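> give me the fold of what follows.
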Amino acid sequence: DCELTRQVFLKQVKSCEKAGLLNLAYLCSDMTRVLATMESNGVLFDVERASEYCVEYTQRVKDIEQELISVAGITFNPSSSDQLGAVLFGGTIKREVQELVAKQRANGTYRVYTRKAAYIQKVKGLGFTPHDSTKSKKTGKYSTGNDALKWLVPTTTRQEKFLLPLFDSKKSIKFISTLV
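Numbering: from 1, shown residues only. A predicted model of the protein is given here:
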């Protein structure tokens, strides 16, 4: 792989020079050799420290999620795009609850079991105005991914207090996923 990439590079040097990208092309070529050496020799990875980071950042995400819930004034799952969208823009949150149900048997004894039931909670939201480009054509809902969140403009102190930890939470989750 690396040798073939280098051969292609050598054939395209003149084009790079004409475009004024020769220094960048050489840098990429040198990086390819470094990466090939790393691939061949391997790299050291401290599993114990990575595990510590995971624990540390997982706790950090939990703390941030509690802060988001506190600012929003409603219990919700910040990792759920549907629930986060409802909190940002208004909408509904589907809540699942456990119900204990007693069922009578033919012989007169009762059997108790648990089932899940759901109810819909209407949410006013924090009043953010979603950007049109973030609306899904399939579902009609607004995206809450990082690309969509960059369009949000806070107009109140409460919105500002919500956005900062939200971005921090997304960064921490991304960091943890690179370690796992």
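> now find how far off-centre the helix ranked longest in the chain is within its chain.
For the chain, the helix with the greatest residue count under DSSP state H is helix 47-72. Offset of helix 47-72 from its chain centre (CA atoms, centre = their mean, to the nearest Å): 13 Å.
> beyond it, next helix or strand please.
helix 81-89 (DSSP states H and E).
> mind listing what's buried in that following helix?
Asp82, Gln83, Leu84, Gly85, Ala86, Val87, Leu88, Phe89 (16 or more other CB atoms under 10 Å). (Each C-beta comes from the backbone N, C-alpha and C, glycine too.)
> on that earlier part again, buried set for the longest helix of the chain?
Tyr57, Arg60, Val61, Ile64, Glu65, Glu67, Leu68, Val71, Ala72.
> and it, what other elements does it pack with?
Helices and strands touching helix 47-72, by 3 or more CB pairs under 8 Å, 6 or more residues apart in numbering; DSSP states H and E, are helix 157-179.
> Glu96 in helix, strand or coil?
Using DSSP: H, G, I helix; E, B strand; the rest coil, the structure places Glu96 in strand.
> measure Thr157 to Leu24 for me?
Noted for Thr157: a distance of 44 Å to Leu24, by CB to CB, to the nearest Å.
> what sits against Gly125?
Gly125 makes contact with Ala86, Val87, Leu88, Phe89, Gly90, Gly91, according to CB atoms under 8 Å, 6 or more residues apart in numbering.
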